[in-house]
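K.L.:
sequence first, then the predicted structure, then my questions.
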Amino acid sequence: MDKKVLIVYYTQSGQLQEIVDRFSAPLIQGGASVETIRIHPLQDFAFPWTSDRFFDAMPESVLGKPMPLNSLSFKEQSYDLVVIAYQPWFLSPSIPTTSLFYDSSFLKLIKDTPVITLIGARNMWLNAQEKMKKSLKDAGANLVGNIALVDKNGNLISAVTILHWMLTGKKDKKYGIFPKPGVSDQDIQAANHHGAVVLEHLSDGSWPTLQQHLVKTKAVDVYSDLMFIEQRAGKLFAVWAKLINSTKNRKLVVTLFKYYLLVALFMVAPVVLLINNFTFKPFVGKSIKRKKEYYLGVS
Ligand SMILES: Cc1cc2nc3c(=O)[nH]c(=O)nc-3n(C[C@H](O)[C@H](O)[C@H](O)COP(=O)(O)O)c2cc1C
């Protein structure tokens, strides 16, 4: 098979690289020529994060402000498929990923080209993917598939464990009792199945049926409770981001945002969710189903 595939990704902990490696193995075995490029910001975010720096990344993530990257060089003039592997930061594509869309050579490559997004998230990627869809549309790219790997533990548990991971750099069990943070080893291993599905569609160019196939094989799923939280949080983040961006006392407002977020996530969201599940949810089943189908799709 003489198909050329480009995979572009950024990672801090190496999780997304592991996912990319597993995903690309069947493509390579199937004879495709796969070029994998890691994005390197000129001044990278230090990992592990300090708590202050972690929350300080919110406004630029949400407002889609780019950062300078080391220049990217591609072996080919064009590819049969481009895979953008990315992680959401504050319900938006991570800043290094956003910055990719300011690189003219990358924009030229994805124009009129099938693109697959491969997400490695905690569990909230819907808003980020909406922003990604817009960037791809603006660039004239053709989004044909989306794969989203998430931490399948409960929302509050995964929030605790991801903070432990991000702030210590250790992807291990907090206090020996919490589960391991991030995408499970099992789901990372299973990314090769998603690669095999993509290979099938790459071979014969049957892109219109790829996403259906990925949904069927559980390469992506949408959970209604998380969808409910994320839709509301996305709007609130936008308000905070603009506020922080326009204030003279950034440090203070970022600190306020940090405590606001912790209270909203651990105290407000569970109560609102509970009330919603017992009052409104039973009556809006059809609308939830429609929204889920939308987020599972690529249009
Ligand atoms: C600053 C920051 C914000 C994040 N925000 C989100 C988020 O909004 N939704 C989500 O599902 N995961 C979020 N995550 C987790 C990442 O998407 C990702 O899964 C994790 O950082 C591991 O990625 P890595 O391969 O870069 O190490 C965030 C991580 C960081 C560092």
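P.N.:
Sure, I can see it.

K.L.:
so which residues on the chain come close to the ligand?
P.N.:
For the chain, the contact set with the ligand under C-beta under 6 Å from any ligand atom comprises 11-13, 15-16, 54, 57, 87-91, 120-125, 162, 166, 182. Yep, even glycine has a C-beta here, placed from its N, CA and C like the rest.

K.L.:
just these: which are in strands?
P.N.:
Applying DSSP state E to the residues of the chain next to the ligand, the entries found in strands are 88-89, 120.

K.L.:
pull out the buried residues from the residues of the chain next to the ligand.
P.N.:
Using 16 or more other C-beta atoms under 10 Å as the burial test, those include 11-13, 15-16, 54, 57, 87-91, 120-125, 162, 166, 182 as buried.

K.L.:
so which of these sit within helices?
P.N.:
Judged by DSSP state H, the subset of these located in helices is 15-16, 54, 162, 166.

K.L.:
report the secondary structure state of residue 35.
P.N.:
Taking DSSP: H, G, I helix; E, B strand; the rest coil as the rule, one finds residue 35 in the strand state.

K.L.:
returning to what we had before: can you tell me which two in the ones in helices among the buried ones among the residues of the chain next to the ligand are farthest apart?
P.N.:
16 and 54 (17.6 Å; C-beta to C-beta).

K.L.:
looking at the chain, which helix is longest?
P.N.:
helix 224-246.

K.L.:
tell me the buried residues in that helix?
P.N.:
225-230, 233-234, 237-238, 240-241, 244.

K.L.:
show me the strands in the protein, by range?
P.N.:
4-9, 33-38, 81-86, 88-89, 92-93, 114-120, 142-149.

K.L.:
what does the fourth one contact?
P.N.:
Residues external to strand 88-89 that are found in contact with it (C-beta atoms under 8 Å, 6 or more residues apart in numbering): 57-58, 61, 94-95, 119, 121-122, 124-125, 127-128.

K.L.:
of all those, which two lie farthest apart?
P.N.:
58 and 119, at 18.8 Å, using C-beta to C-beta across these.

K.L.:
which residues sit in contact with the closest residue in space to residue 137 that isn't next to it in sequence?
P.N.:
In this structure, residue 137 finds its nearest non-sequential neighbour in residue 143, 7.9 Å apart by C-beta to C-beta, 6 or more residues apart in numbering. Neighbour list for residue 143: 115-117, 133, 136-137, 298-299 [criterion: C-beta under 8 Å, 6+ apart].

K.L.:
try 7 Å
P.N.:
With contact set as C-beta atoms under 7 Å, 6 or more residues apart in numbering, residue 143 has these partners: 115, 117, 133, 136, 298.

K.L.:
how about residue 74?
P.N.:
6, 105, 109.

K.L.:
next one: the lowest-mean-pLDDT helix or strand in the chain to chain centre, how far?
P.N.:
In the chain, no helix or strand scores lower on mean pLDDT, DSSP states H and E than helix 269-278, which sits at a mean of 91. Helix 269-278 has its C-alpha centroid displaced from the chain centroid by 25 Å (C-alpha atoms, centre = their mean, to the nearest Å).

K.L.:
can you check what angle separates it from helix 224-246?
P.N.:
Helix 269-278 runs at 140 degrees relative to helix 224-246, counting by axes from the mean of the first three to the mean of the last three C-alpha atoms, to 10 degrees.

K.L.:
could you say what helices and strands helix 269-278 packs with?
P.N.:
helix 224-246 (3 or more C-beta pairs under 7 Å, 6 or more residues apart in numbering; DSSP states H and E).
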